[in-house]
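Novice: A structural model of the following input is requested.
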Amino acid sequence: MHERLRSDGPLSVEAYMEACNAYYYATRDPLGAGGDFTTAPEISQMFGELVGAALADVWRRAGSPANVRYVELGPGRGTLASDALRVMRSIGLTPPVHLVEASPTLREAQAALLGAVTHHEAIGDLPGDAPLLVVANEFLDALPIRQHVAGVERHVEWIGSGLAFDRDGEVLETSPARDEAVAALAEGLVAIGGAALVIDYGHERSAAGDTLQAVREHRFAPVLDNPGEHDLTSHVDFQRAAEVAREAGAFVAGPAEQGAWLERLGIQARARALANAAPHRAGEIEAARARLCRPDQMGSLFKVLAIHSPEWPSPAGL
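Specialist: Here you go, the predicted structure:
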């Protein structure tokens with residue numbers, strides 16, 4: 001990246017973020033204690049189980065179509081899919097699995113855990129001949145954003161001995177890549193039926209502000225340090241995501257705060273059942289439930305947005 005900036009000149013924030021994340025995700029498994037961050041499915045099986053229950057429920061209320069497919073966008077190691085599909089199988093739903101994943105490292109992990117899966121490079125590559133049950137957990141936050149200050153697009157440039165932004169001030173963020181992904185998802189659901197759960201951290205209403213952040217070894221890091229070696233993300237604008245989905249003809253429910261949504265789906269009862277089955281793990285299970293649900297942890301910052309075709313009902317809890 002340093003060499004590119006020296007030779008090509010300043011890069012937009014969008015181009016910088018895209019290049020950094022392309023290298024980052026292609027060269028490592030970033031998840032877990034030995035990685036840079038931990039997602040909700042890695043915290044507890046309860047998360048994936050409740051996602052699976054919500055999708056199975058909406059499938060039943062849609063008339064239980066026999067040819068439905070399970071789709072996950074950015075599925076990490078496949079942990080969420082494994083937990084969700086286990087719940088689906090318990091009610092007789094065994095959909096083929098389609099994963100949108102570009103990382104060779106993570107594709108290998110997903111196939112090892114889940115078995116027969118079909119991988120795709122992009123949402124537009126998904127099959128268009130059967131309804132979809134879609135999950136996108138912490139997928140949109142990693143898509144590149146544009147930043148503008150006083151109407152001028154912000155860039156990263158080489159100054160002196162390091163990288164710096166070319167301008168400062170109140171930042172307005174947009175994300176054409178995010179809009180494109182939501183539009184493609186919504187258009188697909190409208191055309192063939194189905195429902196999607198989009199779960200991510202961000203704000204319910206559009207607002208100005210610089211939300212670009214870098215994480216390494218479970219700590220925040222300067223976003224311009226060691227490009228390609230940090231996970232770069234930004235907060236999702238859920239109001240904008242809902243607008244894009246509606247413009248594509250889809251129906252939208254939410255967003256709801258993750259904690260409240262999980263509580264409505266019954267995470268308390270599931271935690272009790274797990275603790276009763278393994279009393280020696282009761283403290284660990286309760287700590288995981290609290291981390292997923294408490295407002296001062298993941299419960300309020302993370303939101304859940306449902307996007308579904310007009311013919312399908314809204315997923316539960318929203």
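Novice: mind listing what H98 touches?
Specialist: Applying CB atoms under 8 Å, 6 or more residues apart in numbering, one finds that H98 lies in contact with 69-72, 117-120, 126-127. Where you see a C-beta, it was placed from the backbone N, CA and C, and this is true even at glycine.
Novice: now, which of those sits nearest R289?
Specialist: For R289, the closest of the contacts of H98 turns out to be E72, at 22.8 Å, with distances computed as CB to CB.
Novice: That closest one reaches A81, doesn't it?
Specialist: Yes - taking contact to mean CB atoms under 8 Å, the distance of 5.3 Å between E72 and A81 places them in contact.
Novice: Can I get the buried ones among the contacts of H98 as something I can paste into PyMOL?
Specialist: For selection in PyMOL, the members of the contacts of H98 meeting the burial criterion (16 or more other CB atoms under 10 Å) are listed in this command:
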select buried, resi 69+70+71+72+117+119+120+126
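Novice: circling back to that earlier point, list the residues that contact both of E72 and A81?
Specialist: Overlap of the contact sets of E72 and A81 (by CB under 8 Å, 6+ apart) consists of 97, 99, 135.
Novice: What residues does the nearest residue to the first one once chain neighbours are set aside make contact with?
Specialist: Sequence neighbours aside, V117 is the residue nearest to V97 in space, at 4.5 Å (criterion: CB to CB, 6 or more residues apart in numbering). With CB under 8 Å, 6+ apart as the criterion, the residues that contact V117 are 78, 97-99, 110-111.
Novice: Which of those residues fall in strands?
Specialist: Taking DSSP state E as the definition of strands, those contribute 97-99.
Novice: Got the confidence number for H2?
Specialist: In the prediction, the pLDDT value recorded for H2 is 58.
Novice: Please apply the same query to the one 5 residues further on.
Specialist: The model reports S7 with a pLDDT of 66.
Novice: Give me the next element, helix or strand, following the top strand by length along the chain.
Specialist: Residue-count comparison of every strand in the chain, with assignments taken from DSSP E, identifies strand 194-203 as the longest. The first helix or strand that comes after strand 194-203 along the chain, using DSSP states H and E, is strand 213-216.
Novice: List the contacts of that following strand.
Specialist: Residues external to strand 213-216 that are found in contact with it (CB under 8 Å, 6+ apart): 36-37, 220-223, 225-226, 229-234.
Novice: which of these lies closest to F165?
Specialist: Comparing every one of the contacts of strand 213-216 with F165 (CB to CB), the shortest separation belongs to V223, at 9.1 Å.
Novice: tell me the SS of the closest one?
Specialist: Counting by DSSP: H, G, I helix; E, B strand; the rest coil, the backbone at V223 sits in coil.
Novice: again with E311
Specialist: coil.
Novice: same deal with the one 5 residues further on?
Specialist: Following three-state DSSP, we place A316 in the coil state.
Novice: what sits against it?
Specialist: Residues in contact with A316, defined by CB under 8 Å, 6+ apart, are 54, 57-58, 264-265.
Novice: go on, V13?
Specialist: With contacts defined as CB under 8 Å, 6+ apart, V13 is in contact with 144-147, 153-156, 165, 212.
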